[in-house]
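S.K.: Structure for this input, please:
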Amino acid sequence: MNEPMVKIAGLYEKTSQKGNRYFIGRLNGARLLMFANPGKQSDTDPDWYLYVQEREEQKGEAGGDRRLTARPKPQAPDAGGIDGGDYPARRRSGAF
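M.R.: Numbering: from 1, shown residues only. As a prediction, the model looks like this:
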């Protein structure tokens, strides 16, 4: 593989409260979430699923303040615990 590679994002490994590994990152303001495939049954099934969560700009209530707020979490069928309540906690400090 002699093709040049371009780095598009960095991912950070995390562990959920239930002990499941997942990865988070950002790409041009969007949030990246990567969860293990709990339904993997063969080598032809993916090991991980990558989700992109868009962020939309909203105008604040006072003084025209603009903030980025995350849309609701994606509803994917059994994607590493998202629907099972094992979704990573959100921080309100401006970090994702």
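
S.K.: Let me know the average pLDDT across the strand or helix carrying Leu33.
M.R.: Assigned by DSSP states H and E, Leu33 belongs to strand 30-36. Mean per-residue pLDDT for strand 30-36: 96.

S.K.: That strand packs against which elements?
M.R.: Using 3 or more Cβ pairs under 8 Å, 6 or more residues apart in numbering; DSSP states H and E as the contact test, the elements touching strand 30-36 are strand 21-27, strand 48-53. Glycine gets a C-beta too; all of them are placed from N, C-alpha and C.

S.K.: who touches Gly19 in this structure?
M.R.: Contact analysis of Gly19 by Cβ atoms under 8 Å, 6 or more residues apart in numbering lists nothing.

S.K.: From Phe35, how far off is it?
M.R.: Gly19 is 13 Å from Phe35, where distance means Cβ to Cβ, to the nearest Å.

S.K.: cool, Asn28 as well?
M.R.: 21 Å.
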